[in-house]
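**Student:** with the sequence up front, the predicted model follows.
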Amino acid sequence: MSEVPAPTGAALWARLLTAWSALPPNTRGALFMVCGAISATLMFTTVKLIGGRIDSVQIVFVRALFGIAVAVPVLMRRGGRGFRTGHLRLQVGTGVLGAIALIGTFFALTRLELAGVTVVMFTRPMFLLLLAMLFLGEAMRAGRWLATLMGFVGVLVIVKPAGIVEVAALAVIMSALVSAVMVVFIKKMAAADGPDIQLFYFNLTMAVVLIVPSVVVWTTPSWADLGLLLLVGVFGAANATFNVFALRVGEATAVSPFDYTRLIFATLIGFLLFSEIPDSWFWLGAAMIVAANLYIVRSRPKFKPNAVE
């Protein structure tokens with residue numbers, strides 16, 4: 001009896017692609033979202049590892065350079081049209097806001113627990129609802145008001161259990177607010193500019209804005225730190241890519257809740273690498289924030305979560 005030959009690499013890859021395509025769209029979207037959550041957590045972890053030696057401004061600048069290096073070859077394949085945008089002002093505004101949000105987040109990561117920064121960043125959907133009400137005239141039903149209020153109370157429970165608010169906690173809250181404004185800009189550009197061109201101008205603007213500040217605070221990294229800086233760019237680009245694919249193939253209300261797996265990954269890595277053990281205040285506040293966000297997602301707000309992290 002002749003032996004059945006083992007499948008070649010190409011045949012095995014084809015089988016995997018076939019099995020992947022057979023999955024329901026929401027299942028694929030959820031898996032993409034989990035991969036994005038892992039990438040975001042690894043980026044935050046890497047920032048926390050080098051944040052004591054390299055300034056947050058410099059980290060964001062290097063991350064932006066990496067993002068440009070990734071986006072340019074993709075856009076060059078499309079010729080001269082690949083770099084055209086119909087929303088240059090919005091693109092520049094998004095990049096400026098992105099620089100502010102990332103610097104605030106990276107600054108907070110060097111001073112707060114990994115899981116704490118992660119969960120407070122989940123306030124972004126709540127800020128989005130408030131922005132939609134103030135600037136787009138979207139009605140806020142009672143349920144959304146209560147969910148938003150509960151979420152913000154959850155933030156206070158996490159960052160101010162003893163009546164003292166740290167500067168780092170204010171920085172991450174500010175970053176969540178600025179990120180929400182970014183999403184408004186991104187949604188306005190979505191019809192004309194795809195994610196590739198958005199990511200290019202996002203990173204280009206950040207790099208240009210941060211050239212001078214980076215020179216002022218520049219610290220020549222060791223080879224080990226240089227490798228970690230590159231990993232920040234790799235994980236950041238991976239997070240953005242996975243989130244784009246997640247929202248492209250699946251429904252936002254179905255796949256967005258899987259982004260909260262970041263809290264699990266952040267808590268686990270925080271314990272293993274930094275000996276961080278969240279207290280009871282953290283878990284109470286986190287439960288309130290996640291519950292509020294799940295209600296907001298299920299109530300189908302106009303905005304989807306942002307792909308850029």
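**Tutor:** Structure's in. What do you need? Numbering: from 1, shown residues only.
**Student:** can you give me the helices in this protein?
**Tutor:** With DSSP state H as the criterion, the chain has helices at 9-22, 25-50, 56-76, 88-109, 114-120, 124-136, 142-159, 167-189, 195-217, 223-249, 252-255, 261-274, 280-298.
**Student:** okay, those, which one's buried deepest?
**Tutor:** Of these, the one with the most neighbours on average (mean count of other C-beta atoms under 10 Å) is helix 114-120, at a mean of 27. Every residue, glycine included, has its C-beta placed from N, CA and C.
**Student:** show me what that helix is packed up against.
**Tutor:** helix 25-50, helix 88-109, helix 142-159, helix 167-189, helix 261-274, helix 280-298 (3 or more C-beta pairs under 8 Å, 6 or more residues apart in numbering; DSSP states H and E).
**Student:** that one: how far from the chain's middle?
**Tutor:** Mean-position distance between helix 114-120 and its chain equals 12 Å (C-alpha atoms, centre = their mean, to the nearest Å).
**Student:** before we move on, back to that, can I get the helices of the chain in TSV with mean pLDDT?
**Tutor:** Below are these laid out as TSV (pLDDT from 0 to 100):
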stretch	mean pLDDT
helix 9-22	77
helix 25-50	92
helix 56-76	89
helix 88-109	91
helix 114-120	91
helix 124-136	79
helix 142-159	87
helix 167-189	85
helix 195-217	91
helix 223-249	87
helix 252-255	76
helix 261-274	93
helix 280-298	87
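**Student:** right, and the helices and strands packed on helix 114-120 - which one's nearest Val57?
**Tutor:** Nearest of the helices and strands packed on helix 114-120 to Val57, taken as C-beta to C-beta: helix 88-109 at 5.9 Å.
**Student:** now the angle from that closest one to helix 195-217?
**Tutor:** Using axes from the mean of the first three to the mean of the last three C-alpha atoms, to 10 degrees, one finds that helix 88-109 and helix 195-217 are set 50 degrees apart in direction.
**Student:** which other helices and strands does helix 88-109 contact?
**Tutor:** helix 25-50, helix 56-76, helix 114-120, helix 167-189, helix 195-217.
**Student:** C-alpha coordinates for it, PDB please?
**Tutor:** What follows is helix 88-109, C-alpha atoms only, in PDB (Å, rounded to 0.1, in the frame of the first residue of the first chain):
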ATOM      1  CA  LEU A  88      -5.500  67.500   3.100                       C
ATOM      2  CA  ARG A  89      -6.500  69.700   6.000                       C
ATOM      3  CA  LEU A  90      -8.300  66.900   7.700                       C
ATOM      4  CA  GLN A  91      -5.400  64.600   7.100                       C
ATOM      5  CA  VAL A  92      -3.000  67.100   8.700                       C
ATOM      6  CA  GLY A  93      -5.400  67.700  11.600                       C
ATOM      7  CA  THR A  94      -5.600  64.000  12.200                       C
ATOM      8  CA  GLY A  95      -1.900  63.700  12.300                       C
ATOM      9  CA  VAL A  96      -1.500  66.500  14.700                       C
ATOM     10  CA  LEU A  97      -4.200  65.000  17.000                       C
ATOM     11  CA  GLY A  98      -2.500  61.600  16.600                       C
ATOM     12  CA  ALA A  99       0.800  63.000  17.800                       C
ATOM     13  CA  ILE A 100      -0.900  64.500  20.900                       C
ATOM     14  CA  ALA A 101      -2.800  61.400  21.700                       C
ATOM     15  CA  LEU A 102       0.100  59.000  21.300                       C
ATOM     16  CA  ILE A 103       2.500  61.200  23.300                       C
ATOM     17  CA  GLY A 104      -0.100  61.400  26.100                       C
ATOM     18  CA  THR A 105      -0.600  57.700  26.100                       C
ATOM     19  CA  PHE A 106       3.100  56.800  25.900                       C
ATOM     20  CA  PHE A 107       3.800  59.200  28.800                       C
ATOM     21  CA  ALA A 108       1.100  57.600  30.900                       C
ATOM     22  CA  LEU A 109       2.500  54.100  30.200                       C
END
